[in-house]
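Colleague: Predicted structure and sequence below. I'll ask about it afterward.
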Amino acid sequence: MNATAETTKLTKKDFESDQDVRWCPGCGDYMVLAQVQHLLPSLGIARENFVFISGIGCSSRFPYYMNTYGMHSIHGRAPAIASGLKLARPELSVWVVTGDGDALAIGGNHFIHAMRRNFDLKIILLNNRIYGLTKGQYSPTTELGKKTKSTPMGSIDRPFNPIALALGAGASFVARTVDNDLEHIRKVLARAALHKGTAFVEVFQNCMVFNDGAYGAVTDKATRHDARLVLEHGKPMVFGKQKDRGIRLRGFEPEVVQLGEGGVTEADLLVHDEQGANRALACLLSEFELPRFPVPIGVFRAVTEPTYDERNAQLQELARATKGRGDLSRLLSSGDTWTIESSETRSATWP
Amino acid sequence: MALMINDTCVNCAVCEPECPNGAISAGDSIFVIDPDKCTECVGYFAESQCLDVCPVECIVPNPQRPETREQLQRKFEQLLAI
């Protein structure tokens, strides 16, 4: 990275733009913005080397509020633009901020390919399970049965599970956090920032106006200990206010067990492994939903895979080493080319 | 009693412009209330303005700063005098 002297004294304030933040009071987006601004000065990257790219939606107002380079781009296409930028300028730290509509409805295709290609991008998905900017229609992550403006009798549309989708598409870093847990969101964002490759973070984000309480049990201080499973690498999967319940595997089926009952001890529980040789454990966890299972938060998977931008750099180097420096005009006039002659020239040469 | 903001705060900033004493600002992680400037709106309004507007109910009395209404009134007068 192109670190300059400025990086040593950057603070959160340096990343705040002069724009008025126009999200509704109480929106979870504010928390993500504040914590990203808090994180960036610690990365040792010059401010001019950060770029924030978004699509369309409430989430996608994010670049306006960052005092960095950025682009409020085309609906659903932020990953494509970010990938192109990373390819052209691999030294930049490129971040995508998107929402459940932007990433998973109109941008579903770009999303899966960003996960698959493993560009060195950070992709934050602010999932409020509703279309907020257009005032409350259901989104691809809206729960079955949910009544919204466009599903007055309850949604009959099976939702996407963003974590499972990212894992299925081959993402090398997949994590989930919640908008009202300061410590957790900071930890997860920091992990994502340090990951080499596409780092995907789903944030459970509350929309106060159109979908308030969508994550109630997982975020409410009174219930969250029982409703969520905090994933920690190398640690047994224990949850509950008293830390007295855990996850055990029976064949391919996970189950919730009570510690101390029927001789169950921590040694019987599943141990979290972010770096497993295969995605099975992460996929299994991604399926956990209330009320049968606690909702996992934290890093599901973090593995080191070659990035697209690294591979591209190697390819370019190899091409230069074997064929020398390229010459665009020679390339364009080489191979299967022909000359279109004017009728005058043709008549003159026609027998 | 001066007020304080607890960790339920989502940084939405809606309280900041409402404070007549200018006691609220963005802190390192969440918004903070300067207890030396907070009068719970005594002197200005019958109700604490930040409490009224906070959408996530994260503003609570600061147990470190027990103050009576009279003390808050005096703080208000001192702040005006500055």
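Modeller: Yep, that arrived.
Colleague: Please count neighbours and contacts with C-alpha atoms only from this point.
Modeller: Fine.
Colleague: Residue A:53 falls within a strand, correct?
Modeller: Yes. Residue state for residue A:53 (DSSP: H, G, I helix; E, B strand; the rest coil) corresponds to a strand.
Colleague: Test my guess that it contacts residue A:93.
Modeller: No. Look at residue A:53 against residue A:93 with CA atoms under 8 Å: they stay out of range, at 10.9 Å.
Colleague: the more surrounded of these two?
Modeller: residue A:53 (28 against 21; other CA atoms under 10 Å in any protein chain shown).
Colleague: residue contacts, the more buried one?
Modeller: Listed by CA atoms under 8 Å, 6 or more residues apart in numbering or on different chains, the contact set of residue A:53 reads A:63, A:70, A:71, A:72, A:73, A:78, A:81, A:82, A:94, A:95, A:96, A:97.
Colleague: Of those - the most surrounded one?
Modeller: residue A:78 (30 neighbours).
Colleague: Now for it: which residues touch it?
Modeller: Contacts of residue A:78 by CA under 8 Å, 6+ apart are A:53, A:54, A:55, A:96, A:98.
Colleague: From the contacts of residue A:53, which land in helices?
Modeller: A:63, A:78, A:81, A:82 (DSSP state H).
Colleague: now the stretch 201-350 of chain A, which segments are flagged as low pLDDT?
Modeller: In the predicted model of the stretch 201-350 of chain A, residues A:344-350 satisfy pLDDT under 70.
Colleague: And the helices in it, which stretches?
Modeller: In the stretch 201-350 of chain A, the segments counted as helices under DSSP state H, counting those that start in this stretch are A:216-219, A:224-227, A:280-286, A:308-323, A:328-332, A:343-349.
Colleague: mind giving me the domain split of chain A?
Modeller: A:5-232+A:274-309, A:236-271 (automatic domain parsing).
Colleague: and residue A:323, how far is that from residue B:64?
Modeller: 73 Å (CA to CA, to the nearest Å).
Colleague: bridging residues for residue B:5?
Modeller: residue B:59 (DSSP bridges).
Colleague: do the same with residue A:123
Modeller: Bridge pairing for residue A:123 - DSSP bridges - gives residue A:96, residue A:200.
Colleague: can I assume it is in contact with residue A:197?
Modeller: No. If you go by CA under 8 Å, residue A:123 and residue A:197 don't touch, sitting 10.4 Å apart.
Colleague: and residue A:343, which of the domains of chain A is closest to it?
Modeller: Closest to residue A:343 of these is domain A:5-232+A:274-309 (CA to CA; 43.0 Å).
Colleague: chain center to that closest one, what's the gap?
Modeller: In this view, domain A:5-232+A:274-309 has its centroid 4 Å away from the chain centroid, taken as CA atoms, centre = their mean, to the nearest Å.
Colleague: Please enumerate the helices of the stretch 51-200 of chain A.
Modeller: Along the stretch 51-200 of chain A, counting by DSSP H, counting those that start in this stretch, helices occupy A:62-65, A:78-88, A:100-101, A:108-117, A:162-168, A:182-194.
Colleague: ok, and does the first one reach over to chain B?
Modeller: Same thing as helix A:62-65. No. Interface with chain B: helix A:62-65 contributes nothing (CA under 8 Å from any CA of the partner chain), its closest point being 12.8 Å away.
Colleague: quick one: contacts of that helix?
Modeller: For helix A:62-65, the surrounding residues in contact (CA under 8 Å, 6+ apart) are A:16-21, A:33, A:52-54, A:69-72, A:97.
Colleague: Just those residues: which are in strands?
Modeller: Applying DSSP state E to the contacts of helix A:62-65, the entries found in strands are A:52, A:53, A:54, A:69, A:70, A:71, A:72, A:97.
Colleague: For beta bridges, what are the partners of the first one?
Modeller: Under DSSP bridges, the beta-bridge partners of residue A:52 are residue A:70, residue A:95.
Colleague: which ones are touching it?
Modeller: Residue A:52 is in contact with A:62, A:63, A:66, A:68, A:69, A:70, A:71, A:94, A:95, A:96, A:97, counting by CA under 8 Å, 6+ apart.
Colleague: interface residues of chain A facing chain B?
Modeller: A:12, A:23-28, A:30-31, A:34-35, A:38, A:179-182.
Colleague: Please identify, among those residues, the one with the most neighbours.
Modeller: Ranked by the number of neighbours (other CA under 10 Å), the residues of chain A next to chain B place residue A:28 first, at 27 neighbours.
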